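**Q** Would you be able to build a 3D model of this:
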Amino acid sequence: MNLVRLLVLGGGLTAACCLPRASGEPPADLPWSSWTRHGVADREVSVSGYEVRFDRKSGVTDPYLSRPIAYGKSHFTLKIRYRTDGRLAPTLLIFLPAEVDVRPLAVFRLPASSEWRDFETDFVGHAARQASLELRLYPGTVEAGRMKPGGLAPLGHHAGWAEFSTLTWTREAKPVGELSRGPQAFSTSKVEFKQADKQPLYVHVDRPETPISPVAVIWFHGGGFIGGTPDSCRPQTTYLASRGILCVRPQYRLVQQGGDADVTLQDAADAMAWVRKDGPALGIDPHRFLIAGTSAGAVLGSVLSQRTPGCLGFIGLAGYYDSVTPGDGAALDPRSAFFGYGKDPAVWRRISAILQITRRPPPPAFLIHGLLDSTVDCQQSVAYARALEAAGGSVELVILPWLNHIPNLVADDVFERVERFVRERQNLP
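**A** Predicted structure coming up:
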């Protein structure tokens, strides 16, 4: 029987109907008088007591409210009470300072509700030195959570009304978990596998003192094809290597080094060819391995998991699997240099794993994604899981309700499952 197993881990994502706030209740932690208005037409927003109301008669403008909120490497809880005309679905976005990144750090999609509704979710901050962020509140669209092309702001040109009552943003006294180091020591070697336009490309091999199996995990790093190095995924491979699992972290050319959808995918394929040809010298089984990737690396890894004989399974963390229908993320614009500026849509199909499912059944997959991811739409993993299942594959899909696009925040509670997935593919207990 084909299996898609959906696990929602590590967060309180709740939304339940409730009664309106009683009069005399204390004001919100973020009082509405402290918010700044943007793009608001005359009499489009009104504040009364502890409530704010958007009343958009024409739907011509694209208004929102904003204010700074506390940040840092910590757990936070966001709570908001709201109701709408039953059509509009509000959206909250969090932004780093523009000089750091113009893309939203996280997106909170609230469903439309004609009754008062409480929305609550956890959020994990990643940057200890970043003391504050900007929170933006958009009244909503007629399609829940839809974003403008490029993923920088919600679609908002719709008439209707939305009311908001209590909104709180609370720092929790709970440490941020990180991937732990296991009991085994391991060494890392760096081996050139290819010369590309006079640029040497390397694989980094993390070899435990006592590998539990010659079946290795080949992990491709992220960085949107314009950044990142093999060290970007070192926290994940350290977790595995220190528990006896051989890992390989290949390098590939980025856009500024001449990379594009075809060139970079060929680099990744050549790294896999190195595993098959030269891996045995380092104790790596050339005929049996798993392929993994983070974000952009999951783009490469997912395609190669279908094309490479001997792949026993695929692990994808915040992956981008469909360039033809990219969804609402702000990560990879199909018109960017990596995709040849969109001049040839066939390029999108060649780099879309969801359109490259050729093995029957496809290798088992373990997919992880954050529900708050505004860089790569969480629906990318959901859609890919469904496509693999439809082709006869087995998929474990883990949705983390508190996670945005910061893969290194995925900690031991999830990677214990990743380790189990690898060991099962290695035929180990």
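**Q** hey, let's count contacts and neighbours off CA atoms from now on
**A** Noted.
**Q** Phi, psi for the closest residue to Leu355 other than its chain neighbours please.
**A** Sequence neighbours aside, Arg349 is the residue nearest to Leu355 in space, at 6.4 Å (criterion: C-alpha to C-alpha, 6 or more residues apart in numbering). As for Arg349, its main-chain torsions (degrees, to the nearest 10) stand at phi -70, psi -40.
**Q** who does Ile368 bridge with?
**A** Going by DSSP bridges, Ile368 is paired in beta bridges with Leu317, Val398.
**Q** my guess is it contacts Leu403, does it?
**A** No - if you go by C-alpha atoms under 8 Å, Ile368 and Leu403 don't touch, sitting 10.1 Å apart.
**Q** which of those two has more neighbours?
**A** Higher neighbour count among Ile368 and Leu403: Ile368, with 27 against 23, using other C-alpha atoms under 10 Å.
**Q** for the more buried one, what are its contacts?
**A** Applying C-alpha atoms under 8 Å, 6 or more residues apart in numbering to Ile368 gives the contacts 316-318, 381, 397-400.
**Q** Neighbours of the residue nearest to Thr84 when sequence neighbours are not counted, how many?
**A** Among residues not flanking Thr84 along the chain, Ala162 sits closest, at 4.1 Å (C-alpha to C-alpha, 6+ apart). If you count neighbours by other C-alpha under 10 Å, Ala162 ends up with 25.
**Q** My guess is Ala162 contacts Arg87. True?
**A** No - applying C-alpha under 8 Å, one finds Ala162 not in contact with Arg87, separated by 9.4 Å.
**Q** TSV for the contacts of Ile368, including distance to Thr358, neighbour count and pLDDT?
**A** Formatted as TSV, the contacts of Ile368 follow (distance: C-alpha to C-alpha, whole Å; neighbours: other C-alpha atoms under 10 Å; pLDDT from 0 to 100):
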residue	distance to Thr358	neighbour count	pLDDT
Gly316	18	27	98
Leu317	21	25	97
Ala318	22	31	94
Ser381	18	26	95
Leu397	20	22	96
Val398	24	22	96
Ile399	26	22	94
Leu400	29	24	93
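**Q** hmm, back to that, indicate each strand paired with the host helix or strand of the residue nearest to Thr84 and its parallel or antiparallel sense.
**A** Assigned by DSSP states H and E, Ala162 falls within strand 160-172. As defined by DSSP bridges, the strand partners of strand 160-172 come to strand 51-56 (antiparallel), strand 75-84 (antiparallel).
**Q** May I see the buried residues of that strand?
**A** 160-171 (16 or more other C-alpha atoms under 10 Å).
**Q** cool, and stretch 382-393?
**A** 382, 384-389, 391-393.
**Q** Ok, stretch 217-231 next?
**A** For stretch 217-231, a neighbour-count test (16+ other C-alpha under 10 Å) marks 217-222, 224-226, 228-230 as buried.
**Q** and the residue nearest to Leu355, how many residues sit next to it?
**A** Per other C-alpha under 10 Å, the neighbour tally for Arg349 reads 16.
**Q** Give the full set of residues in contact with it.
**A** Contacts for Arg349 (C-alpha under 8 Å, 6+ apart) come out as 322-324, 355.
**Q** go again using 7 Å as the cut-off
**A** By C-alpha atoms under 7 Å, 6 or more residues apart in numbering, the contact set of Arg349 is 323-324, 355.
**Q** go on, Val248?
**A** Going by C-alpha under 7 Å, 6+ apart, Val248 touches 203-206, 217-219.
**Q** Using the record's domain definitions, break this protein down for me.
**A** As assigned by automatic domain parsing, the chain contains the domains 11-172, 186-425.
**Q** looking at those, which is buried most?
**A** domain 186-425 (a mean of 21; mean count of other C-alpha atoms under 10 Å).
**Q** Where does the prediction get shaky in the stretch 1-150 of the chain?
**A** The model of the stretch 1-150 of the chain has pLDDT under 70 over residues 1-29, 49, 58-61, 142-150.
**Q** What segments of it are strands?
**A** Taking DSSP state E, counting those that start in this stretch as the criterion, the stretch 1-150 of the chain contains strands spanning 4-8, 14-17, 36-38, 45-48, 51-56, 64-70, 75-84, 89-95, 104-109, 117-124, 132-141.
**Q** Please name the strands paired to the fourth one in the sheet, noting orientation.
**A** Within its sheet, and counting by DSSP bridges, strand 45-48 is paired with strand 51-56 (antiparallel).
**Q** Where do the helices of the stretch 251-400 of the chain begin and end?
**A** In the stretch 251-400 of the chain, the helices defined using DSSP state H, counting those that start in this stretch lie at 261-278, 296-307, 345-350, 379-390.
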